[in-house]
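Colleague: here is my input, please return the structure:
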Amino acid sequence: MAEVHSDSRVTALDCEILRGAFRKSVAENRIAEREWRMHAKLLARELTGLDDIDPDILDWIVRK
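Modeller: Numbering: from 1, shown residues only. Below you'll find the model as predicted:
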């Protein structure tokens, strides 16, 4: 997933992978809930190589 998408889109599979990685990271690093959105944004940028991540995707990733 680290490769840059030529069309700059995040696929449904990418989203599932991101959400799983996010949840694991939050649990392992004991990240406070108030920091979840920023953590999700940074993680998504790192894993996708994209600078802009759709806010709706971020909402879905951090949703309980």
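Colleague: helices of the chain, start to end?
Modeller: Using DSSP state H, the helices of the chain run over 12-29, 36-48, 55-62.
Colleague: and the shortest one, what's its mean pLDDT?
Modeller: What that stands for is helix 55-62. The pLDDT scores in helix 55-62 average 96.
Colleague: buried residues, it. List them.
Modeller: 57, 58, 61, 62 (16 or more other C-beta atoms under 10 Å). C-beta: built from backbone N, CA, C; applies to glycine.
Colleague: if I look at residue 55, how far off is residue 40?
Modeller: 11 Å (C-beta to C-beta, to the nearest Å).
Colleague: mind listing what the residue sitting nearest the centre point of the chain touches?
Modeller: Nearest residue to the geometric centre of the chain (C-alpha atoms, centre = their mean): residue 44, 3.4 Å. Shown in contact with residue 44 (C-beta atoms under 8 Å, 6 or more residues apart in numbering): 10, 18, 50, 53, 57, 58, 61.
Colleague: now render those residues as TSV, adding distance to residue 30.
Modeller: TSV is the format used below for the contacts of residue 44 (distance: C-beta to C-beta, whole Å):
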residue	distance to residue 30
10	27
18	20
50	27
53	23
57	24
58	20
61	18
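Colleague: outside of stretch 28-36, which residues touch it?
Modeller: With C-beta under 8 Å, 6+ apart as the contact definition, stretch 28-36 has outside contacts at 22, 25, 26, 39, 62.
Colleague: buried subset of the residues you listed?
Modeller: 22, 26, 39, 62.
Colleague: tell me, how many residues neighbour the closest residue in space to residue 25 that isn't next to it in sequence?
Modeller: The shortest distance from residue 25 to any non-neighbouring residue, by C-beta to C-beta, 6 or more residues apart in numbering, is to residue 43 (6.4 Å). Using other C-beta atoms under 10 Å, the number of residues around residue 43 comes to 19.
Colleague: do the same with residue 48
Modeller: Neighbours of residue 48 (other C-beta under 10 Å): 23.
Colleague: for it, give its distance to residue 13.
Modeller: Distance from residue 48 to residue 13, by C-beta to C-beta: 12 Å.
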